[in-house]
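**Student:** model the structure of this input:
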Amino acid sequence: MTEVTAAIIRRNGKILICRRAYGSCAHLWEFPGGKTELGETPFECLTRELREELSIDIKPLREYCRSVFGKLSFVFIEAEIVSGEPKLSVHEEMRWMQPEEITAFEWCPADKAVAEEISKGN
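**Tutor:** Predicted structure coming up:
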């Protein structure tokens, strides 16, 4: 099973969400992250992926939840930006949204339940 990490980043009460530009979830929204490489912890993976994809350095804070979707095992991690401002490179769009607004977007299936949970204030 392939392990994937995804970041829940909050700033001023808002959540960072990104829309995929290509792949199986093209044009759908997700929490940014990526696949864990051999020997990486989920925190290390998320730190690397967000540096590569958004040009930011983060501090992973805690595991939010885990889920399985098909052959993918997801680890959702709450994190904060410690340096840089998010810049698009692999996503076609990103937004900072209030938690209660995020369910109005069309989500990648693996992220949808987490978005719904966050929108309830959890």
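**Student:** which residue is the nearest non-sequential neighbour of the residue nearest the centre of the chain?
**Tutor:** With distances taken as Cα atoms, centre = their mean, Phe31 lies nearest the centre of the chain, 2.4 Å away. Once flanking residues are discounted, Phe31 sits nearest to Ala6: 4.0 Å by Cβ to Cβ, 6 or more residues apart in numbering. Bear in mind the C-beta positions are built from the backbone N, C-alpha and C, glycine included.
**Student:** so what's that neighbour up against?
**Tutor:** Applying Cβ atoms under 8 Å, 6 or more residues apart in numbering to Ala6 gives the contacts Glu30, Phe31, Pro32, Gly33, Leu46, Phe74, Val75, Phe76, Ile77, Asp111, Val114.
**Student:** of those, closest to Met97?
**Tutor:** Met97 has its nearest neighbour among the contacts of Ala6 in Phe31, at 11.5 Å by Cβ to Cβ.
**Student:** from Gly39, how far out is the closest one?
**Tutor:** Distance of Phe31 to Gly39, given as Cβ to Cβ, to the nearest Å: 23 Å.
**Student:** OK, contacts around Gly33?
**Tutor:** Taking Cβ under 8 Å, 6+ apart, we find Gly33 in contact with Val4, Thr5, Ala6, Ala7, Cys45, Leu46, Glu49, Leu50, Ile77.
**Student:** quick one: mean pLDDT over the longest helix belonging to the chain.
**Tutor:** Across the chain, the longest stretch assigned as helix under DSSP state H is helix 42-54. Average pLDDT, helix 42-54: 98.
**Student:** same check on stretch 13-21?
**Tutor:** In this model, stretch 13-21 has a mean pLDDT of 97.
**Student:** which parts of that stretch are buried?
**Tutor:** For stretch 13-21, burial by neighbour count (16 or more other Cβ atoms under 10 Å) applies to Ile15, Leu16, Ile17, Cys18, Arg19, Arg20.
**Student:** distance to Lys120 and secondary structure for those - can I get that in JSON lines?
**Tutor:** Formatted as JSON lines, these follow (distance: Cβ to Cβ, whole Å; DSSP: H, G, I helix; E, B strand; the rest coil):
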{"residue": "Ile15", "distance to Lys120": "13", "secondary structure": "strand"}
{"residue": "Leu16", "distance to Lys120": "18", "secondary structure": "strand"}
{"residue": "Ile17", "distance to Lys120": "16", "secondary structure": "strand"}
{"residue": "Cys18", "distance to Lys120": "21", "secondary structure": "strand"}
{"residue": "Arg19", "distance to Lys120": "22", "secondary structure": "strand"}
{"residue": "Arg20", "distance to Lys120": "24", "secondary structure": "strand"}
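**Student:** no further queries at this time; thank you.
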